[in-house]
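*Asks:* Kindly generate the corresponding structure for this input.
(2 chains)
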Amino acid sequence: MTRKEFLKYNAYLGLGALVGSQTLTSCATEPEYTKWQGKRLIIIRLDGGNDGLFALAPVKHGLLQEKRPVLLRYLTDGPEWQPGWRMHPALGGIADLVQRGEATLLPFTGYPNPNTSHFKSSEIWETGRLPGESSEKTGWIGRWADENLPHSSTELPTVLNLDGYNRIFSQGHKCEAGEWGEESVLEYFEDEIQSWKTKHYNHPLAERVVQQEKILRLQDSIQAPTGFPDTDFGQQLSNIAGILLKDMPFRVLHATQGGYDTHLEQPGRLQKLYAELNHGLSALMNSLSVSGLTQQTTILVYSEFGRSIDENENMGTDHNGSGLSILLGYPLLNSCSIKTFDEKRPDESLSLLTNLHDFRHIQSQVALWLNQ
Amino acid sequence: MKTANRHLLNRALFGPKLEWLEQNSNWLQSPVEDLQNTIWESLPGYAPLSDSPPLQYLYAEDLEEEKRLSEQAPWKSFLVHWVNQMVTLDNPLREITALFWHHHIPSAAGHKMAHGQLLLEIYREHGLGYLKPLLVKMAANPAIMYFLDGHHSHKNNPNENFPRELLELFTLGEGNYTEKDVYEAARAFTGRRFDHHNYPYVMYVDEEAFDSEPKTFLGRTGNFNGEDIIDILLKEPNTARHIAKAILAFFGTSKPLEAHIEECGRVYFDAGFHTGRLLQYIFSRDWFYEKPYTGNKVKTPVELLVSLQRTTGMSAVGIKTTDYFLRSCGQSLFAPPNVAGWPDGTDWLKGNKLLYRLFLPKALMKIANRQYPKPSLGYKVSSRIKQAELRHYRYIADATFDEERFNSLLSEKAISIPQWLGIKSNSESMPLEECLTHPDYQFV
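*Replies:* So this is what the prediction gives:
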């Protein structure tokens, strides 16, 4: 390839096929990209194993009252979800969304025979496969993208990680997630990047360099909305809102809120995390509403597992089975029927292995909706 | 340089030093069997980092700035000191092995970095010796026990965080224990407390909080305490296999062959979990000098920064530069992303981390030679080099590429990239900056 050919090739890197609802921006001051105005999924991971029973619990359940004499008290003044169920008081904004029919709570979401390793359980959630089902390490979104979207190594990625970590959920045979980064890299290395691309355009790393450069240029062009928590997680959500406002072509966006591994001092730690989550999700839903995107956007909030019903001596809880998932946005509100405990069932029904909602059902509903 | 020597030096010692390249020293030319012996014979004895000489700076301005940064963030000083040991020691095998243990048993230390420093000294002192003292001391270290909630566990409700990671990540590996084993191990580690009145904290056992009732762990029953649990873990071949796999992944390739994992697990077990003997065994195997163990390991950011300085003679100045480089490339020491530590393999080569690691080494060399690529970057990093004659240009390629790869690169460039046509022969080597930004430079 000659330099002239390379420049020609480079010029095409930003162009994609004009299909469906896609259009091409041509504003002179912004990088070119293929706009996407269709459906999007936002995945929010509560990293470390959120104690679902501290976010939402059947507070009158005998076994819970016996095993959580201290922790349960923190829910006393929380908003009521359904008769006998209360949410943590810091989640009032999410409770309002539920009341308005903009969010669904799915308590005890998990899978049979729960694994209590952070890494194994994350792998199960992210691959969408139980142990032994397949040795193939692809993620549920990666497979969806492989099967349903055309892949081009020179296009922007389908999935964008706002948290800077690579996770299995987006790994397909072709699909690979992009990462949000710092714009200053371009400022520092602009000339180097251009020169490097001409020399190594045929190297496997070149695709990644080209993609990252394009992401950084897009990043530079967004104006992230205000009103989000002034934290790293808040910044991730604010950037997501900015991406959506500009119709950028990422179909799946992933953010992470860390700190949920609360083996000790849980009340204070979760109070802070829930307040941040509540603030962030409320602001994001508000942004979607203002920009008219609520009908085509679904937000899935999940954690790799829940925590033990027993509170420990350190005012914390240990790893255990199913946890709370939340679906926000209109499209999927009725796709997952909400299940709760029958008051008449024996107390053992609140065993930690209880699995009212199978996470794979939620994932399949999301994938079906994305394809509709 | 002999291909086998290059491989061993890169994996065991963060690569060759500039002086060796200039003098074509024995490190590069002796038979690899001799080099294997030299590595063990020249290994310095253990001494705490605090006993090593203070950092040297070429310019007074650097010293002043480093003093200021050190006062702002004193915990970062010892990390830079550690990285500097990796760069300056002829034989930093102890340091690269300590880095392995920091990968395998990672811990954050927050602002109580004296606790992190104590943990690092455990890894430095015992990392090449028997595993038991390393594990016993690690389980009494405040950095790791606060990181994994092991400092507050009570017999009435044992905290499972530390014992779970001890079994899953540090010793047996997932699938080789039951939930009951985790619970029983948690009982044995109850009562561990730290004296908060003196910093750094020292561990003691609160007998009131310790569960003194019998426990059954991995099929054995007794009134076990934490050290007993470690003893039992060291009777398990799965512990040897799990750690041998991690060692092969760190020193060899991210996906070692199953047969070699089994082989090394047996060797480690038979050696009584003596890590130095396992490394000695691995370095002396023929297969260690063949695919998949050669040429395809992605350098960790620490390896990238250290090998760059060893091979070129360039110094990345102090806290400012070391911290910025490692953070930008995704590896802030004693601040791992999670309890499993850092990613490995090609996960390092993604996002902004990739751009930084491709272009920062060259930028540092330019700054050292008083050619500031971008003034704004000059505020973030500093680098110095003793002689501005660019003598390092001549040797970097030799340290980076083997002869076959070098010739193939020459051939590729002659065909497709005019900038490379200035290279006339192997002896003149390729321009340094081309080597530093070449994709192959990311691998070792």
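
*Asks:* separation between residue A:233 and residue A:254?
*Replies:* From residue A:233 across to residue A:254, the span is 12 Å (Cβ to Cβ, to the nearest Å). Where C-beta positions appear, they are placed from N, C-alpha and C, glycine not excepted.

*Asks:* quick one, which of the two is more surrounded?
*Replies:* More crowded of residue A:233 and residue A:254, by other Cβ atoms under 10 Å in any protein chain shown: residue A:254, with 26 against 23.

*Asks:* pLDDT at that one, what is it?
*Replies:* pLDDT for residue A:254: 97.

*Asks:* So it lies in a strand, does it not?
*Replies:* Yes: counting by DSSP: H, G, I helix; E, B strand; the rest coil, residue A:254 is part of a strand.

*Asks:* That one touches residue A:159, doesn't it?
*Replies:* Yes: here residue A:254 reaches residue A:159: they are 6.7 Å apart, a contact under Cβ atoms under 8 Å.

*Asks:* State the helix or strand in which the residue nearest to residue B:333 when sequence neighbours are not counted lies.
*Replies:* Excluding its sequence neighbours, the residue lying closest to residue B:333 (Cβ to Cβ, 6 or more residues apart in numbering or on different chains) is residue B:79, at 5.0 Å. Residue B:79 is part of helix B:75-88 when elements are defined by DSSP states H and E.

*Asks:* Kindly format the C-alpha coordinates of that helix as PDB.
*Replies:* Provided in PDB are the C-alpha atoms of helix B:75-88 (Å, rounded to 0.1, in the frame of the first residue of the first chain):
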ATOM      1  CA  TRP B  75       4.000   6.400  50.300                       C
ATOM      2  CA  LYS B  76       5.000   6.700  46.600                       C
ATOM      3  CA  SER B  77       8.700   7.100  47.400                       C
ATOM      4  CA  PHE B  78       9.300   3.500  48.300                       C
ATOM      5  CA  LEU B  79       7.500   2.300  45.200                       C
ATOM      6  CA  VAL B  80       9.800   4.400  43.100                       C
ATOM      7  CA  HIS B  81      12.700   3.100  45.100                       C
ATOM      8  CA  TRP B  82      11.600  -0.500  44.300                       C
ATOM      9  CA  VAL B  83      11.300   0.300  40.600                       C
ATOM     10  CA  ASN B  84      14.700   1.900  40.700                       C
ATOM     11  CA  GLN B  85      16.100  -1.300  42.200                       C
ATOM     12  CA  MET B  86      14.700  -3.200  39.200                       C
ATOM     13  CA  VAL B  87      16.400  -0.800  36.900                       C
ATOM     14  CA  THR B  88      19.800  -0.500  38.500                       C
END
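
*Asks:* helices and strands around that helix, which ones?
*Replies:* In terms of contacts (3 or more Cβ pairs under 8 Å, 6 or more residues apart in numbering or on different chains; DSSP states H and E), helix B:75-88 is packed against helix B:60-72, helix B:93-104, helix B:113-126, helix B:301-312, helix B:318-328.

*Asks:* 6 Å instead, please
*Replies:* helix B:301-312, helix B:318-328 (3 or more Cβ pairs under 6 Å, 6 or more residues apart in numbering or on different chains; DSSP states H and E).

*Asks:* Now tabulate those in a markdown table and tack on mean pLDDT.
*Replies:* Shown next, in a markdown table, are these (pLDDT from 0 to 100):
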| stretch | mean pLDDT |
| --- | --- |
| helix B:301-312 | 94 |
| helix B:318-328 | 92 |
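
*Asks:* can you tell me which of those helices comes nearest to chain A?
*Replies:* For the helices and strands packed on helix B:75-88, the distance to chain A is smallest for helix B:318-328, at 8.2 Å, taking Cβ to the nearest Cβ.

*Asks:* Might you calculate how far the closest one sits from the centre of the chain?
*Replies:* Here helix B:318-328 is found 16 Å from its chain centre; the criterion is Cα atoms, centre = their mean, to the nearest Å.

*Asks:* Centre of the chain to the helix or strand following it, how far?
*Replies:* Per DSSP H and E, the first helix or strand lying C-terminal to helix B:318-328 is helix B:351-368. When distances are taken as Cα atoms, centre = their mean, helix B:351-368 is centred 20 Å away from the chain's centroid.

*Asks:* Please report phi then psi for residue A:261.
*Replies:* Here is the backbone geometry of residue A:261 (degrees, to the nearest 10): phi -80, psi 70.

*Asks:* ok, it - contacts?
*Replies:* By Cβ atoms under 6 Å, 6 or more residues apart in numbering or on different chains, residue A:261 lies in contact with A:48, A:49.

*Asks:* what's the answer for residue B:277, then?
*Replies:* Contacts of residue B:277 were listed using Cβ under 6 Å, 6+ apart, and they are residue B:271.

*Asks:* Kindly recompute the last result at 8 Å.
*Replies:* B:267, B:268, B:271 (Cβ atoms under 8 Å, 6 or more residues apart in numbering or on different chains).

*Asks:* Now it: which helix or strand?
*Replies:* Going by DSSP H and E, residue B:277 is in helix B:275-283.

*Asks:* Now do the SS call for the residue positioned nearest the centre of chain A.
*Replies:* Nearest residue to the geometric centre of chain A (Cα atoms, centre = their mean): residue A:43, 1.7 Å. Taking three-state DSSP as the rule, one finds residue A:43 in the strand state.

*Asks:* That one and residue A:300 touch, don't they?
*Replies:* Yes: counting by Cβ under 8 Å, residue A:43 does reach residue A:300; the two are 5.2 Å apart.

*Asks:* tell me the angle of the helix holding residue B:277 relative to helix B:93-104?
*Replies:* Here helix B:275-283 points in a direction 100 degrees away from that of helix B:93-104 (axes from the mean of the first three to the mean of the last three Cα atoms, to 10 degrees).

*Asks:* Show me how far stretch A:356-372 is from its chain's centre.
*Replies:* Computed by Cα atoms, centre = their mean, the chain-centroid distance of stretch A:356-372 equals 14 Å.

*Asks:* in chain B, which ranges drop under the pLDDT threshold?
*Replies:* Within chain B, the segments meeting pLDDT under 70 span B:53, B:58, B:387-432.

*Asks:* Give me the most central residue, it.
*Replies:* Nearest residue to the geometric centre of chain B (Cα atoms, centre = their mean): residue B:99, 2.6 Å.

*Asks:* which residues touch it?
*Replies:* B:86, B:300, B:302.

*Asks:* Run a quick check on the first one versus residue B:97, I expect a contact.
*Replies:* To tie it back to what came earlier, the one meant is residue B:86. No: shown here, residue B:86 and residue B:97 do not form a contact pair, counting by Cβ under 8 Å, at 11.0 Å.

*Asks:* just to revisit the earlier point, measure the residue nearest to the centre of chain B to chain A for me?
*Replies:* 21 Å (Cβ to the nearest Cβ, to the nearest Å).

*Asks:* what about stretch A:74-86, average pLDDT?
*Replies:* Stretch A:74-86 shows a mean pLDDT of 94.

*Asks:* Show me what counts as buried in it.
*Replies:* By neighbour count with 16 or more other Cβ atoms under 10 Å in any protein chain shown, stretch A:74-86 contains the buried residues A:74, A:75, A:78, A:79, A:81, A:85, A:86.

*Asks:* how many other residues sit next to residue B:33?
*Replies:* Neighbour count for residue B:33, taken as other Cβ under 10 Å: 10.

*Asks:* does it count as helix, strand or coil?
*Replies:* State at residue B:33, reduced to three classes by three-state DSSP: helix.

*Asks:* ok, now which ones touch it?
*Replies:* Residue B:33 makes contacts with residue B:284, as judged by Cβ under 8 Å, 6+ apart.

*Asks:* and if you look at residue B:274?
*Replies:* Here residue B:274 is in contact with B:129, B:130, B:131, B:268 (Cβ under 8 Å, 6+ apart).

*Asks:* Select from those every entry located in strands.
*Replies:* Counting by DSSP state E, the contacts of residue B:274 place none of their members in strands.

*Asks:* Now, those residues that are in helices?
*Replies:* The helices, defined by DSSP state H, take in B:131, B:268 from the contacts of residue B:274.

*Asks:* Great, nothing more from me.
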